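[1] Model the following, please.
(one chain, ligands or ions: 1)
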Amino acid sequence: MTDLESWIKYGDEMRRPLIINPDLANSSKVVIVGGGLSGMTCAYRLSQKRPDLEIILLEKNDFLGGVISTWESGEWLCDLAVNATRPHPAFWRLIEDLEISNSFKPSNEKAKSRWIILNGRKHRLSMSSIFRIGFFRMWKSIKKSRKGGVSVAQLIPHKQIADALTLGIVNDTSENVDADFLMPSMTSFGPKPPVKKSKLKKKILQNYPIFTPKKGSIASLEGGMKTLITALEEKLHDSNNVSIKLNQKPQSLESLSSEYGIPESSIIWAATDFQEDEKFTELSIFVIGFKQEHVKNIEMGYGTLIPDTKIPISGILNESDLHNSSRAPKGHRLFRLMVPHSRWNGDEEIILKHAEKFLATNPVLFSKIGVRKIPRYEPGYMAKISKLESEKNLIGWSVSGVSITHVVCEAERIAELF
Ligand SMILES: Cc1cc2nc3c(=O)[nH]c(=O)nc-3n(C[C@H](O)[C@H](O)[C@H](O)COP(=O)(O)OP(=O)(O)OC[C@H]3O[C@@H](n4cnc5c(N)ncnc54)[C@H](O)[C@@H]3O)c2cc1C
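    As a prediction, this is how the structure comes out:
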């Protein structure tokens, strides 16, 4: 594949390094540790590319999917982690290959607005947010960021806007987040595209199967992200060359290597390590539902970010507005609340009180649906991982990029090495 073809297929993902031992491609048997989206997609892409390859997927839990899961109660439905995808042809290709295109829809055009609460007042996030920063200041800090290793706070010189951005993506404040890892195209990290950005963008847009996404749109699945995990699981079960082993927690590469009779270069580590406290942030996820008439004052939109750390809720997502598939019973609306543990003392009543203040009183549903951890990506993170010696094969959101488009893309790029 030419360099240009790869850029058209993967876009800015080409800036991200693959942490892969070159000997991996010589394997006849591969063990993948971790059955989240990245381990599953990698197993699927490898099994498609090389039907002769023996692939063993090991997962410590008794279920697959990792942090992705979908909560359901009657007609209420809500994803616990990711609920939609931003456009990327690799994600569209995965949906098509898994034969779930009919369930995959662009999100509701009317629910695009995002808001931020600053000093107690709600503002719509838009190009005017950039005006608040100032074009010249922004341009100067983008230029500085090209040296590498800066934080998002340094890249975007408006603390609250920068915090809102990182909170919405990684549940952390902007001074703690590596700009190269979060937005490598903005900091110009890694290799450069072989053609002008605008030309490349056009070519990428022509490269989408199923449907061409509109600018600024996102897309989601009927039935939530569970639909994706179930489809992947079915494909893996149907593959003759993949075996899945649940309730497995290998101790080390050495032990795996001797147990399966393979070199360590044939082991792919897709298991996010949440062992050390300082390496992740933790949050609880709540749902709150209302009768339509009680929240008619709440404008239809994507959601609201709350950078103020004195408020225990960091984000409110308008779940039932956003998707083109149902998330709430008829005549009702559903909202998801993100509650970072760094802001919260564990008292659920407090969350309800704040949610009622921002939305409305008398919800018909209020429930905590789970807890999730998100890896930390401190300034300099991308530079550090790109210098890792690729003796190990590391994949997944602790190295690939934080979003599902990154892990899905990474799996395809790895299969191409075979
Ligand atoms: C609250 C939240 C909101 C998010 N929102 C978005 C969003 O809006 N958009 C977006 O694109 N992405 C979002 N994401 C990120 C997205 O969910 C991840 O990028 C993706 O799911 C990561 O998949 P993974 O397989 O790399 O990791 P994981 O899902 O963490 O999977 C790792 C797997 O490895 C297993 N494992 C761990 N240790 C071992 C071991 N020793 N042995 C065997 N197995 C092991 C785990 O049990 C797990 O199944 C969000 C995530 C969270 C938590």
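[2] Please make it C-alpha for all contacts and neighbour counts, starting now.
    Fine.
[3] Tell me what I267 is bridged to.
    V31 (DSSP bridges).
[4] Who are the contact partners of it?
    Each residue near I267 by C-alpha atoms under 8 Å, 6 or more residues apart in numbering is listed here: L24, V30, V31, I32, V33, L253, S257, K392, N393.
[5] from those, which single one is nearest the ligand?
    V33 (5.1 Å; C-alpha to the nearest ligand atom).
[6] Quick check: pLDDT value at the closest one.
    Note on V33: pLDDT of 97.
[7] gap between it and Y377?
    Distance of V33 to Y377, computed by C-alpha to C-alpha, to the nearest Å: 22 Å.
[8] Quick check on these two: which one has the bigger neighbour count.
    V33 (27 against 24; other C-alpha atoms under 10 Å).
[9] unless I'm mixing things up, the more buried one is touching I55, no?
    No: here V33 does not reach I55: they are 10.8 Å apart, not a contact under C-alpha atoms under 8 Å.
[10] Contact residues of the chain facing the ligand?
    Residues of the chain found near the ligand (C-alpha under 6 Å from any ligand atom) are 33-39, 58-61, 64-68, 81-83, 85, 248-250, 270-273, 372-374, 396-397, 402-405.
[11] For T304, give me phi and psi.
    phi -130, psi 130 (degrees, to the nearest 10).
[12] can you pull out the strands in the stretch 1-150 of the chain?
    Secondary structure of the stretch 1-150 of the chain (DSSP state E, counting those that start in this stretch): strands at 29-33, 54-58, 70-73, 76-79, 104-106, 114-118, 121-124.
[13] residue boundaries of the strands in the stretch 301-418 of the chain?
    Under DSSP E, counting those that start in this stretch, the stretch 301-418 of the chain gives strands at 303-305, 315-317, 332-340, 365-375, 393-394.
[14] average pLDDT for the last one?
    Just to be clear, that refers to strand 393-394. The model assigns strand 393-394 a mean pLDDT of 95.
[15] before we move on, what about stretch 267-276?
    Here the average pLDDT along stretch 267-276 is 86.
[16] Could I have the CA atoms of it written out in CSV?
    Provided in CSV are the C-alpha atoms of stretch 267-276 (Å, rounded to 0.1, in the frame of the first residue of the first chain):
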residue,chain,number,x,y,z
ILE,A,267,1.6,-12.2,22.4
ILE,A,268,-0.6,-9.1,22.0
TRP,A,269,-1.3,-7.2,25.2
ALA,A,270,-4.8,-5.5,24.9
ALA,A,271,-5.4,-5.5,28.7
THR,A,272,-5.5,-2.0,30.2
ASP,A,273,-3.6,-2.0,33.5
PHE,A,274,-5.6,-0.3,36.2
GLN,A,275,-3.3,-1.6,39.0
GLU,A,276,-1.6,1.6,40.0
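[17] Go through it and flag the buried ones.
    I267, I268, W269, A270, A271, T272 (16 or more other C-alpha atoms under 10 Å).
[18] Same question for stretch 28-47.
    29-47.
[19] just stretch 200-219 next, same as before
    L200, K203, I204, L205, N207, Y208, P209, T212, P213, I218, A219.
[20] Throw the strands of the stretch 301-418 of the chain into TSV and include mean neighbour count, thanks.
    Converted to TSV, the strands of the stretch 301-418 of the chain look like this (neighbours: other C-alpha atoms under 10 Å):
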stretch	mean neighbour count
strand 303-305	24
strand 315-317	22
strand 332-340	24
strand 365-375	16
strand 393-394	23
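[21] I8 and the ligand, how far apart?
    Distance of I8 to the ligand, given as C-alpha to the nearest ligand atom, to the nearest Å: 20 Å.
[22] check contacts around the residue nearest to that residue when sequence neighbours are not counted.
    Of all residues not flanking I8 in the chain, I204 sits nearest, at 5.1 Å (C-alpha to C-alpha, 6 or more residues apart in numbering). Contact analysis of I204 by C-alpha under 8 Å, 6+ apart lists I8, K9, G11, P89.
[23] If you rank these by neighbours, which is first?
    P89 (24 neighbours).
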